[in-house]
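Undergrad: build the 3D model from these lines:
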Amino acid sequence: MKTVIIGGVAGGASAAARLRRLDEKSNIIILERGDYVSFANCGLPYYIGGAITDKNNLTLQTPESFRARFNIDIRVNSEALKIDSKAKTIEVKNLKTGESYTESYDNLILSPGAEPIRPSIEGADNDIVFTLRNIPDTLKIKQYIENAKPKSAVVVGGGYIGVEMAENLKEAGLKVSIVELADHLIAPLDFDMAADVHRYIKTKGIALYLNNGIKAIDGHTVILQNGKIDADMVIMSVGVRPETVLAQDCGIKTNQRGSIIVDENMKTNIPDIYAVGDAVEVEDFITKSPAFIPLAGPANKQGRIAADNIAGFDSKYNGTQGSAVLKLFDMTVATTGLNEKAAKSAGIDYDKTYTYSGSHASYYPGASNMSIKALWDKKTLKILGAQIVGFDGVDKRMDVIAAAIRFGAKITDLTNLELCYAPPFGSAKDPVNMLGFVAENITTGKVKQFFWHDVERLPRDGSVTLIDVRTVTEVSRGKIDGFINIPLDSLRERIGEIPKDKPVYVHCHSGLRSYIAYRILVGNGYDCFNLAGGWRLYESVIHEKTVPEYICTECK
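TA: Just a heads-up that it's a prediction; the model follows:
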C-alpha cells in the first residue's frame, strides 16, 4: 500500500511517522514544496529575537534523518500541481530541475497548511514588508535586520504571532509598534483581560495603535486609518487562510473560508483522501460548531488520527478547544475554550467570575499574582472557557483547566482537585481551587456579583450604598467615584453608618476582602453585591479605555 502525504511540518510529518510505526511495510512518500520537511514553526520568532541562536535547532527532522529512522521517501522542493482522484495520481513538479512526473497513491493525506494574508493595499509588495510562515521567511527577516540595520518596525496584527514578533523585534534592538484593527491584542482574550497585557507591553517600550488599520505603505511610512508611523520594516501578521486551491481543484469540498471539510476520521468527501492541520475545518469542542483554529497541537493529533484510520484503526478527532499560551517578555498569557464574545455568539446563557491569586505561597520569595477569568454554562455549570494573565505558573494552571474542560467538568468541580503543593510551587489552596471556591459561592447563592462594566451605571443619588473596604492608604492611590471608604477591619464597628433599606455595593482590591465584607453585611441583614475582580481589574480596564493607544514609555 502506498500513502502519499502532501505537506510536512506538524500534520504531515506526524501522519508519516505514526503510519510507519503502525505499518512497517507501507510505502510512504512526503511531497514538500519547501526545503524543510519538519521544522518548529512556533519557534521562528525566537530565532529572530536571538533566544534561539542556532538555526539548525529549528529543524526537527531533516529528509535524511526521517529516511534513516522511519524509512520514508522524503521529496523536498517537490510541488504537487494536480490531483486526479479517479486515477489516484498526483502531478508533481521538481522545483530544482523544473521537471514534472506522475505519482500514484492508494491513500492521500493533504497537509498544505495555511498561508499569511497580505492585505490588498498600496505598498504591500514593498521590499521592507515581510510575512512569517517558514524557515526561509525567518532567514530573510533575520538577514534584513543584520544587513540593513533597521531602527524601527511596525507589526500589523496583534494576534499571537504578531505579539511574539513584536517582542522578538524589540529584543533584537528595534523600536516597535503594533497596529491592530480590534480594540485589544490577542483575539481569544476579552478586553478586560487584555488590559493588563496592554499596560505591560507599553512599559516594555512597544507602542500600540488599537482600533486602527493600515491603509498603505509609502516608502518607509506606514499610513494608518488614523495617523501614520515611520518604519524601516513592516511585519504583516493579520491572520492566515487555508491553502487549499489544490484540494478544491480536484473536487474536495471546502467551506466559505476555503477550509477543507473532513469527518471525525479526517476523511474528505473523496474516498481515500484525508486532510489534516491548518487547512481543515474543525469542530469547536465547546459549541460543536464548525471552526477555524490553526494550532500545532491539534494538527499533530489530526495527523496521527489520519494515519490510524489508514492503518485500519478507528480513530476519531473530537474537536478543538483552542488551548494556547503566549510568552510576552516575562508575562505569560494563556487561553482555552470560549471567551465572552464567542459564548454570546453561540447563544449560551453563561456566568463568569475573576480571581487574583498568587503563583505560590506568599511567604516564599518570588510569588506573583495571576489574573484568572472563567466562564461557565449557567444551566449545566460546565466550564466554557478561561483566560489567565500573569508571570509565573500561568501555563500549568491553564493546563489543568483545559483538561477539566476536555473531561466535561463543572466549574464547581475545581474545588475538589487535589493539586501538588509545596511553597515554591503553589499554595494549599491552588489558584485553580480558588477559582472553584469563588464560583461555588456564586452558583450556590452565597455571593451576588456586579462587574467592572456595571460600575458607571450604579446610581450616585443615595438610592444605593457604595462602599470601598480597602485601607486608607490604598484609597489614597486611587478610588471609584461615589464609593465611601470603610476599611474592612472597621466594618463591624461602623456598620451602623450603613442604611439597611438600600442595596449595598462593595469592593476591595481584588474581591477577596470585599467578599468577607459581603458576608458580614449579609449576616446583618443587608442586600449586598460584590465587585468581581475588584478595584484592580476595574482600574486596569478603565485606564486602558481612556489612555491613548499609542502611549508607551519611549513615546511619552
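Undergrad: count of residues packed around D137?
TA: Residues lying near D137 (other CB atoms under 10 Å) number 16. Glycine gets a C-beta too; all of them are placed from N, C-alpha and C.
Undergrad: is it true that it lies in a helix?
TA: Yes - under DSSP: H, G, I helix; E, B strand; the rest coil, D137 falls within a helix.
Undergrad: for it, which non-adjacent residue is spatially closest?
TA: Spatially, and ignoring its direct neighbours in sequence, D137 is nearest to T131 (6.2 Å; CB to CB, 6 or more residues apart in numbering).
Undergrad: now the strands for the stretch 401-550 of the chain?
TA: 449-450, 465-468, 484-485, 504-507, 528-531 (DSSP state E, counting those that start in this stretch).
Undergrad: need these in CSV (columns: mean pLDDT).
TA: As requested, those are arranged in CSV below (pLDDT from 0 to 100):
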stretch, mean pLDDT
strand 449-450, 97
strand 465-468, 98
strand 484-485, 96
strand 504-507, 98
strand 528-531, 98
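Undergrad: center of this structure, which residue is that?
TA: A324 (4.5 Å; CA atoms, centre = their mean).
Undergrad: surely it and N339 touch.
TA: No - the criterion here is CB atoms under 8 Å, and A324 misses it with N339 at 11.9 Å.
Undergrad: what do these two both touch?
TA: Listed as contacting both A324 and N339 by CB atoms under 8 Å, 6 or more residues apart in numbering are P188.
Undergrad: just to revisit the earlier point, now the strands of the stretch 401-550 of the chain in TSV, with mean neighbour count and distance to D351?
TA: Output for the strands of the stretch 401-550 of the chain, formatted as TSV (neighbours: other CB atoms under 10 Å; distance: least, CB to CB, whole Å):
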stretch	mean neighbour count	distance to D351
strand 449-450	18	8
strand 465-468	23	23
strand 484-485	14	28
strand 504-507	26	18
strand 528-531	26	14
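Undergrad: distance to A346 added to those, as a markdown table?
TA: Shown next, in a markdown table, are the strands of the stretch 401-550 of the chain (distance: least, CB to CB, whole Å):
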| stretch | distance to A346 |
| --- | --- |
| strand 449-450 | 22 |
| strand 465-468 | 34 |
| strand 484-485 | 40 |
| strand 504-507 | 30 |
| strand 528-531 | 27 |
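Undergrad: for S38, find the nearest of those strands.
TA: Nearest to S38 among those is strand 449-450 (48.2 Å), distances taken as CB to CB.
Undergrad: direction included, what does that closest one pair up with?
TA: Strand 449-450 pairs in its sheet with strand 528-531 (parallel), by DSSP bridges.
Undergrad: what's in contact with the strand it pairs with?
TA: Here strand 528-531 has contacts from 447-452, 455, 503-508, 511, 514-515, 518, 521-522, 538, using CB under 8 Å, 6+ apart.
Undergrad: let's see that with 6 Å instead.
TA: 447-450, 504-507, 514-515, 518, 521-522 (CB atoms under 6 Å, 6 or more residues apart in numbering).
Undergrad: what's the closest of those residues to M398?
TA: Q449 (22.6 Å).
Undergrad: can you tell me the closest non-neighbouring residue to that closest one?
TA: A532 (4.5 Å).
Undergrad: that neighbour: neighbour count?
TA: Based on other CB under 10 Å, the number of other residues close to A532 is 25.
Undergrad: so what's the backbone phi/psi at it?
TA: A532 adopts backbone torsions of phi -70, psi 130, taken as degrees, to the nearest 10.
Undergrad: could you number the chain from 46 rather than 1 from now on?
TA: With the count now opening at 46, the last piece we talked about shows up as A577.
Undergrad: who are the contact partners of it?
TA: By CB under 6 Å, 6+ apart, the contact list for A577 reads 398-399, 494, 496, 556.
Undergrad: which of those residues lies closest to V201?
TA: Of the contacts of A577, the one sitting nearest to V201 (CB to CB) turns out to be Y399, at 31.2 Å.
Undergrad: can you tell me the helix or strand for the closest one?
TA: Assigned by DSSP states H and E, Y399 falls within strand 395-403.
Undergrad: and which of the contacts of strand 573-576 is nearest I231?
TA: Nearest to I231 out of the contacts of strand 573-576 is Q494 (CB to CB; 24.8 Å).
Undergrad: N478 versus the residue of the chain positioned farthest from its centre, what's the distance?
TA: Taking CA atoms, centre = their mean, the residue of the chain most remote from its mean C-alpha position is G541, at 48.5 Å. Distance of G541 to N478, given as CB to CB, to the nearest Å: 36 Å.
Undergrad: same check, this time on V509
TA: With distances taken as CB to CB, V509 is found 33 Å from N478.
Undergrad: of those two, who's got more company?
TA: Set V509 next to N478 and count neighbours by other CB under 10 Å: N478 wins out with 21 against 16.
Undergrad: how distant is stretch 381-393 from the center of its chain?
TA: 14 Å (CA atoms, centre = their mean, to the nearest Å).
Undergrad: residues of that stretch that come out buried?
TA: 381-385, 387-388, 393 (16 or more other CB atoms under 10 Å).
Undergrad: next: stretch 272-281.
TA: Buried residues in stretch 272-281, counting neighbours by 16+ other CB under 10 Å, are found at 274, 276-281.
Undergrad: just give me the closest of the residues you listed to T183.
TA: Distance to T183, by CB to CB, is smallest for I280 among the buried residues of stretch 272-281, at 11.5 Å.
Undergrad: which strands and helices lie in contact with the helix or strand that that closest one is a member of?
TA: According to DSSP H and E, I280 maps onto strand 278-281. On a contact count with 3 or more CB pairs under 6 Å, 6 or more residues apart in numbering; DSSP states H and E, strand 278-281 meets strand 197-201.
Undergrad: now with 7 Å?
TA: Contacts defined by 3 or more CB pairs under 7 Å, 6 or more residues apart in numbering; DSSP states H and E place strand 278-281 against strand 174-175, strand 197-201.
Undergrad: looking only at pLDDT, what's the mean for it?
TA: Mean per-residue pLDDT for strand 278-281: 95.
Undergrad: would you tell me what the next helix or strand after that strand is?
TA: Immediately after strand 278-281, counting by DSSP H and E, sits strand 285-287.
Undergrad: next SSE after that next one?
TA: Next in sequence after strand 285-287, counting helices and strands by DSSP H and E, comes helix 290-294.
Undergrad: contact partners of that following helix?
TA: Residues outside helix 290-294 that contact it (CB atoms under 7 Å, 6 or more residues apart in numbering) are 125, 127-128, 155, 157, 299, 305, 320.
Undergrad: please enumerate the helices of the stretch 246-395 of the chain.
TA: 290-294, 341-355, 385-390 (DSSP state H, counting those that start in this stretch).
Undergrad: comparing these, which stretch has the densest surroundings?
TA: Each of those was scored by mean neighbour count; the highest is helix 341-355, a mean of 23, by mean count of other CB atoms under 10 Å.
Undergrad: and that helix, what does it pack against?
TA: The contact analysis (3+ CB pairs under 7 Å, 6+ apart) places helix 341-355 against helix 54-67.
Undergrad: tell me which residues of the helix it packs on come out buried.
TA: For helix 54-67, burial by neighbour count (16+ other CB under 10 Å) applies to 54-65.
Undergrad: cool, stretch 423-435 as well?
TA: For stretch 423-435, by 16+ other CB under 10 Å, it's 426-435.
Undergrad: I93: which of the residues you listed is nearest?
TA: Set against I93, the nearest of those by CB to CB is V434 (24.2 Å).
Undergrad: circling back: distance to Q106 added to the contacts of strand 573-576, as CSV?
TA: Output for the contacts of strand 573-576, formatted as CSV (distance: CB to CB, whole Å):
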residue, distance to Q106
V492, 53
K493, 56
Q494, 51
F495, 54
V549, 63
Y550, 59
V551, 58
H552, 54
S559, 54
Y560, 53
Y563, 57
L566, 63
V567, 61
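Undergrad: for those, which one is nearest G342?
TA: Using CB to CB, the contacts of strand 573-576 come closest to G342 at Q494, 33.5 Å.
Undergrad: so the closest one touches I487, yeah?
TA: Yes - look at Q494 against I487 with CB atoms under 7 Å: they come within range, at 6.3 Å.
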